[in-house]
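Participant: Generate a structure from the sequence data that follows.
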Amino acid sequence: MSAGGETAPPAAPHIPVLLDEVMEALAPIAGGIFIDGTFGAGGYTRALLERGAAQVIAIDRDPEALSAGAMLVEASGGRLVLVDGVFAELDRIAEAHAAGPVTGVVLDIGVSSMQLDQAGRGFSFMRDGPLDMRMAQAGPSASDLVNRADERDLADIIYHFGEDHAARRIARTIVAARAGEPITRTGQLAGIVSGCLPRQRPGRIHPATRTFQALRIAVNDELGQLVQALEAAESVLAPGGRLVIVTFHSLEDRIVKRSFQIASGQEGQGSRHGPVRQGPPPRYLRPARTTKPGEAEIALNPRARSARLRAAVRTDAPPVRVDPARLGLPPAPVATELMTGGRR
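Facilitator: Alright, predicted model coming up:
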């Protein structure tokens with residue numbers, strides 16, 4: 001989840017977003033096999049176990065989340081498998097660990113509250129810390145990207161992944177600033193970005209919000225991972241199985257929405273007055289309407305305000321690979337390909 005505003009919220013225990021709605025969409029049945037592709041603090045996994053899941057395969061790439069989840073694994077009586085990995089590979093992980101057909105998959109996309117609240121992880125400009133942003137705590141960091149990428153690549157990343165129309169001005173200012181000294185702190189970068197933009201009216205998001213979002217997405221290849229996860233989930237879900245995804249910004253939500261539209265046969269149906277177009281059999285039933293947090297949940301957990309839940313039920317049609325461009329995946333800037341080793 002991305003932070004906004006100009007004052008840091010107090011650190012609080014992790015609250016699973018839309019927990020009741022996620023459980024209702026998953027419709028967990030006793031004896032089912034579920035995959036929690038974004039374990040985090042284990043909120044969804046714990047709820048699935050409490051509802052009688054026979055097996056939960058939980059995935060996370062953050063070493064701190066894996067370490068914190070050890071107690072839940074021990075308490076699960078063998079029903080929880082916690083895997084060090086990425087949800088883009090949930091099909092391979094399911095093949096290695098699942099005891100049978102997968103009943104449901106849940107994904108809570110983006111950065112977790114625990115990561116945002118730790119200054120040392122470098123995800124948020126609200127608390128000064130090293131400019132890191134690596135979910136797996138390995139590989140090139142946001143500081144590496146900011147200090148090594150050329151101006152055009154930085155502008156492309158901020159524009160495509162942050163949807164910031166001032167991307168070129170921000171990139172130009174970053175390149176000029178790093179010529180004097182390396183940019184290594186979150187507060188340092190936030191100040192550089194804020195200094196080159198007009199003063200924001202009260203109540204608007206912090207000027208650096210979109211830049212930080214863009215860098216985080218690039219460092220962790222979040223959108224590329226999401227597209228791969230959608231394909232992987234389709235291949236592992238049994239007929240009648242459910243895919244439930246919680247997103248926190250428009251880039252993620254657009255990809256999920258387009259994927260469900262295409263897979264359920266809603267794309268390109270033409271006019272209702274024209275001839276019926278015959279296409280491939282739908283791979284998901286028509287998805288339910290998008291679910292958003294209510295006022296009570298937002299009051300309890302303000303970071304939930306931008307959450308969107310989408311869910312769909314798998315049919316028995318064979319899986320089909322969809323061109324990522326059809327899903328709205330932005331073009332990968334050259335610097336992003338360098339950061340991820342060309343994986344898209």
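Participant: so where do the strands sit in the protein?
Facilitator: Assigned by DSSP state E, the chain shows strands spanning 33-36, 55-60, 80-84, 102-108, 237-247, 308-313.
Participant: Can you list the low-confidence ranges for the stretch 201-344 of the chain?
Facilitator: Low-confidence segments of the stretch 201-344 of the chain (pLDDT under 70): 202-203, 268-278, 332-344.
Participant: Quick one: the helices in it, in order.
Facilitator: 209-220, 222-236, 250-263, 295-300, 334-340 (DSSP state H, counting those that start in this stretch).
Participant: just those helices: most buried one?
Facilitator: Stretch with highest mean neighbour count among these: helix 209-220 (a mean of 26; mean count of other Cβ atoms under 10 Å). C-beta here means a position set from N, CA and C on the backbone, and glycine is covered the same way.
Participant: wait, which of the helices of the stretch 201-344 of the chain is closest to Ala41?
Facilitator: helix 295-300 (15.7 Å; Cβ to Cβ).
Participant: mind checking how far Arg242 is from Phe123?
Facilitator: Distance, Arg242 to Phe123, using Cβ to Cβ, to the nearest Å: 30 Å.
Participant: Check Ile29 too.
Facilitator: Distance check for Ile29 against Phe123: by Cβ to Cβ, it reads 36 Å.
Participant: Who has more neighbours out of the two?
Facilitator: Phe123 (31 against 13; other Cβ atoms under 10 Å).
Participant: wait, isn't that one in contact with Leu131?
Facilitator: No - contact criterion Cβ atoms under 8 Å: Phe123 and Leu131 do not qualify, at 9.7 Å.
Participant: Tell me who's in contact with the residue sitting nearest the centre point of the chain.
Facilitator: Centrality entry for the chain: nearest residue to the mean C-alpha point is Ile109, 2.3 Å, by Cα atoms, centre = their mean. With contact taken as Cβ atoms under 8 Å, 6 or more residues apart in numbering, Ile109 is in contact with Thr38, Glu222, Leu226, Ile245, Val246, Thr247, Phe248, Glu252.
Participant: Could I get the contacting residues of the third one?
Facilitator: Put plainly, it is Leu226. Counting by Cβ under 8 Å, 6+ apart, Leu226 touches Ala88, Leu107, Ile109, Glu252, Ile255, Val256.
Participant: go on, the last one?
Facilitator: Glu252 makes contacts with Ile109, Gly110, Glu222, Leu223, Leu226, as judged by Cβ under 8 Å, 6+ apart.
Participant: try 10 Å this time
Facilitator: Contact analysis of Glu252 by Cβ atoms under 10 Å, 6 or more residues apart in numbering lists Leu107, Ile109, Gly110, Ile217, Glu222, Leu223, Leu226, Ile245, Val246, Arg308, Arg310, Gly328.
Participant: circling back: overlap in contacts of Phe123 and Leu131?
Facilitator: Ala142, Thr186, Phe212, Leu215, Val219.
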